[in-house]
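K.L.:
need a structure here:
(chains A and B)
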There are 2 protein chains.
Amino acid sequence: MRPDRLKDPSLRNATIKHVAELAGVSLKTVSRVINHEASVHERTREKVQRAIDTLGYRPDPSARSLRSTRARLLGLVYDNPNAHYIISMQRGVLSVCRESGYGLQIHPCDASSPKLAEELCALVQHSRLAGLVLAPPMSEQPELIKTLADAGIAFMRIISARSDPQDGYPCVYVDDRDAAYAITEHLIQLGHQRIGFLWGGREHRSSGERYQGYEDALKDYGITLDRKLIVAGDYSFDDGFRGARKLLALKDRPTAIFGSNDEIAAGVLAAAHSGGISVPWELSITGFEDSPFSKQSWPALTTARQATEEIGRHAARRLISGLEHDAHGEPVDPVNHGFSPELVVRGSTGPLRSAPKKRTR
Amino acid sequence: MRPDRLKDPSLRNATIKHVAELAGVSLKTVSRVINHEASVHERTREKVQRAIDTLGYRPDPSARSLRSTRARLLGLVYDNPNAHYIISMQRGVLSVCRESGYGLQIHPCDASSPKLAEELCALVQHSRLAGLVLAPPMSEQPELIKTLADAGIAFMRIISARSDPQDGYPCVYVDDRDAAYAITEHLIQLGHQRIGFLWGGREHRSSGERYQGYEDALKDYGITLDRKLIVAGDYSFDDGFRGARKLLALKDRPTAIFGSNDEIAAGVLAAAHSGGISVPWELSITGFEDSPFSKQSWPALTTARQATEEIGRHAARRLISGLEHDAHGEPVDPVNHGFSPELVVRGSTGPLRSAPKKRTR
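P.N.:
Below is the predicted model:
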């Protein structure tokens, strides 16, 4: 419903739900009245029409047409250079789509594009998508989310948050902060005090959450934060390499580096190797994600295991269940579920400055 | 057209193209006559009908309905555990889809499933796909390809082959053998004679082609093939690790190992690290693909650069152009294009048994 169509500003936000509540009927019944379906009793029809008039509610024709012509097809929207993350997410979403007879259309996009909302509305309309699964960072843009909701597009967000944001839109949230705290605590307990931190892209809420976990742990253990040990960057190998070179060139260099994801940590590992710094004897390194690289590198990376496939599955399951409930006029489960990544300790972290018993040749 | 519907076996293969040729009209005109469209001149209609009768041509109703109701949506069909390969392929196919106003539905599947043909036909029908891009190994299953063609499904195969197979079905072919030859030659020129070879999955034609390139190079350089240096396996890290352990335990162990892809080579590298064997001083390692891992590992891997994204782009471009030509009754470009991966030399290969000037600490 476009606000400019309403004469009384106090009723700007009247939705089909308000109409249903006021009339004391289900959403489906309101929808039947709006669509002039024959199956509605005359008395019910009048009751709904009165509620519509009272609230000044007007259905958005574009939203209605979007919903009525949709195919059994979901869209997965992402902007992420991390192949492993995307493939795991696709796998999770797809497995549920198949169980439910849905197809999956993929839509990588540019999260910084000013025309993103337009692009996604056109995508839904053009491909008759039933709904969207939104990965970070698109899922974390409030303006975009509001526009999609106003256009009547069904979606499920995957976001980084400590707890349910309770902002009225459905999501699956991942507690990055807690896992980052556990990683930092692990390093502190090994004896490290000078711990470098390499940021991921700031457009991802997860970067800030991971940084916050790092800062909280230092604080709790009484370690003073040294700003020189914190480097900005993106979730990429190159920025990990560059950031590590910067930190390792410091006079009082860190004894451990926390890379905000495994790609960054891979860059740190390469910087250490190329500088002749042995890991973990002279430098401990941690990542975040539990990617294949983290298991296959030498040494293997200490990291946080993110259940990306399971998160994708959960998001798709809730989205589809919402679509089916909606189609039957039933209320949708409003409870948002959270996931917590878990610390995985491998060979890239060790006690501070202990000498190896036997050198690797 | 199902053969069992024809009385005269000699005309079993009559297609809409034969009808168009015999009648001297376009495919679109034949299609209009078959579909009883009003816009056809009576004289043309009679001419086409005569050709249809002469050839005993009968349109397959399921094929017709598949084509007439299709959406502007392609399907990408793959069965591959390699996240980087799949993401690159998706990126290439998608970039062309977008230019042409098509969406992309992804369909990972089990290439060994006996019901695969059925599954793909159902997918096309259910999602009204305009056509399929088939990645290996599905693209290399002749039975499956014939079934899809008989069902009137438009597709483009990506296959491993030295040259155009000229089997009547469209494809993009990748000359794996040539690149594998170049890798083996590079090792031989560094002085290696005992070169181990780790196979990828035999359901992929590329495995056999890469092996053939290895064998051809040894032969051309007069090196006797030692069967003990050849190990079967899959395109996976684990099989690379296991295969390398086996080879490195030999009394007369190889001085170089050719892993059939970068995942396998990553496993070889891990086996070398864990056995205290320094790379490349005591062992040279090569992969195949030019994955991110190959650039990020220590040392970085010598490999063959596969233009996966460009291959995906080319496949999608030809498929869509075929669909558009077909819709206008024009003949489709029958020329199949080939790609050749290129040798990329990095730190994981070196001259035989030369001592390092300075040990990496």
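
K.L.:
Report the residue ranges of every domain in chain A.
P.N.:
As given by automatic domain parsing, the domain ranges for chain A are A:3-59, A:73-175+A:308-341, A:176-305.

K.L.:
From one end of the second one to the other, what's the distance?
P.N.:
Think domain A:73-175+A:308-341. Using C-alpha to C-alpha, to the nearest Å, one end of domain A:73-175+A:308-341 lies 30 Å from the other.

K.L.:
Are it and chain B in contact anywhere?
P.N.:
Yes: against chain B, domain A:73-175+A:308-341 shows contacts by C-beta under 8 Å from any C-beta of the partner chain at A:73, A:83-84, A:86-88, A:90-91, A:94, A:101, A:103-106, A:108, A:123, A:126-127. From N, CA and C alone the C-beta is placed, and that goes for glycine too.

K.L.:
do stretch A:195-202 as well
P.N.:
No: under the criterion of C-beta under 8 Å from any C-beta, stretch A:195-202 makes no contact with chain B; the nearest approach is 15.2 Å.

K.L.:
mind listing what's buried in that stretch?
P.N.:
A:195, A:196, A:197, A:198, A:199, A:200, A:201 (16 or more other C-beta atoms under 10 Å in any protein chain shown).

K.L.:
Who are the contact partners of residue A:264?
P.N.:
A:198, A:200, A:233, A:235, A:236, A:237, A:239, A:240, A:243, A:287 (C-beta atoms under 8 Å, 6 or more residues apart in numbering or on different chains).

K.L.:
Check residue A:47 too.
P.N.:
Applying C-beta under 8 Å, 6+ apart to residue A:47 gives the contacts A:23, A:24, A:25.

K.L.:
element containing residue A:74, please.
P.N.:
Assigned by DSSP states H and E, residue A:74 falls within strand A:73-78.

K.L.:
Let's test this: mean pLDDT of that strand, rounded?
P.N.:
Averaged over strand A:73-78, pLDDT sits at 96.

K.L.:
before we move on, what about stretch A:346-356?
P.N.:
81.

K.L.:
So what touches it?
P.N.:
So stretch A:346-356 is contacted by A:186-187, A:190-192, A:255-256, A:265, A:269, A:278-282, A:284-286, A:294-295, A:297, A:299-303 (C-beta under 8 Å, 6+ apart).

K.L.:
Among those residues, which ones lie close to chain B?
P.N.:
Among those, the residues lying close to chain B (C-beta under 8 Å from any C-beta) are A:269, A:278, A:295, A:297.

K.L.:
wait, which of the residues you listed is closest to chain B?
P.N.:
The closest of those to chain B turns out to be residue A:278 (C-beta to the nearest C-beta; 5.3 Å).

K.L.:
measure that closest one to residue A:165 for me?
P.N.:
Using C-beta to C-beta, to the nearest Å, residue A:278 is found at 43 Å from residue A:165.

K.L.:
From chain B, how far off is residue A:313?
P.N.:
Residue A:313 sits 14 Å away from chain B, going by C-beta to the nearest C-beta, to the nearest Å.

K.L.:
Please name the nearest non-neighbouring residue to that residue.
P.N.:
Once flanking residues are discounted, residue A:313 sits nearest to residue A:92: 4.1 Å by C-beta to C-beta, 6 or more residues apart in numbering or on different chains.

K.L.:
Verify the stated contact: the one you found with residue A:312.
P.N.:
Yes: with contact defined as C-beta atoms under 8 Å, residue A:92 and residue A:312 form a contacting pair (2.6 Å).

K.L.:
More neighbours: those two, which one.
P.N.:
A side-by-side neighbour count of residue A:92 and residue A:312, using other C-beta atoms under 10 Å in any protein chain shown, places residue A:312 first with 26 against 23.

K.L.:
What are the buried residues along the biggest helix by length in chain A?
P.N.:
Taking DSSP state H as the criterion, chain A has its longest helix at helix A:308-327. Judged by neighbour count (16+ other C-beta under 10 Å), helix A:308-327 contains these buried residues: A:308-309, A:311-320, A:322-323, A:326.

K.L.:
And stretch A:70-84, by the same measure?
P.N.:
By 16+ other C-beta under 10 Å, the buried positions in stretch A:70-84 come out as A:70-80, A:82-84.

K.L.:
Separate out the buried members of the contacts of residue A:47.
P.N.:
Buried, going by 16+ other C-beta under 10 Å: A:23, A:25, out of the contacts of residue A:47.

K.L.:
Using PyMOL, define a selection of the buried residues within the ones next to chain B among the contacts of stretch A:346-356.
P.N.:
Per 16+ other C-beta under 10 Å, the buried members of those correspond to this PyMOL selection:
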select buried, chain A and resi 269+295+297
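
K.L.:
Which two of the ones next to chain B among the contacts of stretch A:346-356 have the greatest separation?
P.N.:
A:278 and A:295 (20.1 Å; C-beta to C-beta).

K.L.:
can you give me the helices in the stretch 251-361 of chain A?
P.N.:
Using DSSP state H, counting those that start in this stretch, the helices of the stretch 251-361 of chain A run over A:262-274, A:292-296, A:308-327.

K.L.:
Dump those to CSV, plus mean pLDDT and distance to residue B:137.
P.N.:
Below are these laid out as CSV (pLDDT from 0 to 100; distance: least, C-beta to C-beta, whole Å):
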stretch, mean pLDDT, distance to residue B:137
helix A:262-274, 96, 29
helix A:292-296, 91, 21
helix A:308-327, 92, 23
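
K.L.:
could those helices be laid out in a markdown table, adding distance to residue A:353?
P.N.:
Shown next, in a markdown table, are the helices of the stretch 251-361 of chain A (distance: least, C-beta to C-beta, whole Å):
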| stretch | distance to residue A:353 |
| --- | --- |
| helix A:262-274 | 15 |
| helix A:292-296 | 24 |
| helix A:308-327 | 35 |
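
K.L.:
one step back: just the contacts of residue A:264: which are in strands?
P.N.:
residue A:198 (DSSP state E).

K.L.:
From the contacts of residue A:264, pick the one nearest residue B:176.
P.N.:
Closest to residue B:176, out of all of the contacts of residue A:264 and judged by C-beta to C-beta, is residue A:237, at 26.9 Å.

K.L.:
Can you report how many residues neighbour the closest one?
P.N.:
Neighbour count for residue A:237, taken as other C-beta under 10 Å: 24.

K.L.:
Settle this for me: residue A:175 is touching residue A:340, isn't it.
P.N.:
Yes: because the distance of 4.6 Å satisfies C-beta under 8 Å, residue A:175 is recorded as touching residue A:340.

K.L.:
Now do the strands in chain A.
P.N.:
Applying DSSP E to chain A gives strands spanning A:73-78, A:103-108, A:131-134, A:155-160, A:171-174, A:195-198, A:230-231, A:256-259, A:284-286, A:303-305, A:337-339, A:342-344.

K.L.:
In contact with the residue nearest to residue A:313, which residues are there?
P.N.:
Applying C-beta under 8 Å, 6+ apart, the residues contacting residue A:92 are A:308, A:309, A:310, A:311, A:312, A:313, A:314, A:315, A:316.

K.L.:
Quick one: residues contacting residue A:119.
P.N.:
Neighbouring residues of residue A:119 by C-beta under 8 Å, 6+ apart: A:109, A:113.

K.L.:
next one: residue A:214
P.N.:
Contacts of residue A:214 (C-beta under 8 Å, 6+ apart): A:180, A:181, A:183, A:184, A:195, A:197, A:258.

K.L.:
Can you give me the pLDDT of residue A:242?
P.N.:
So, for residue A:242, pLDDT stands at 98.

K.L.:
got a list of what it touches?
P.N.:
Here residue A:242 is in contact with A:233, A:267 (C-beta under 8 Å, 6+ apart).

K.L.:
any idea how far chain B is from it?
P.N.:
Counting by C-beta to the nearest C-beta, the gap from residue A:242 to chain B is 14 Å.

K.L.:
again, but for residue A:18
P.N.:
Computed as C-beta to the nearest C-beta, the residue A:18 to chain B distance reads 35 Å.

K.L.:
Grab the nearest non-local neighbour of that residue.
P.N.:
Nearest in space to residue A:18, with sequence neighbours left out and distances taken as C-beta to C-beta, 6+ apart, is residue A:55 at 5.6 Å.
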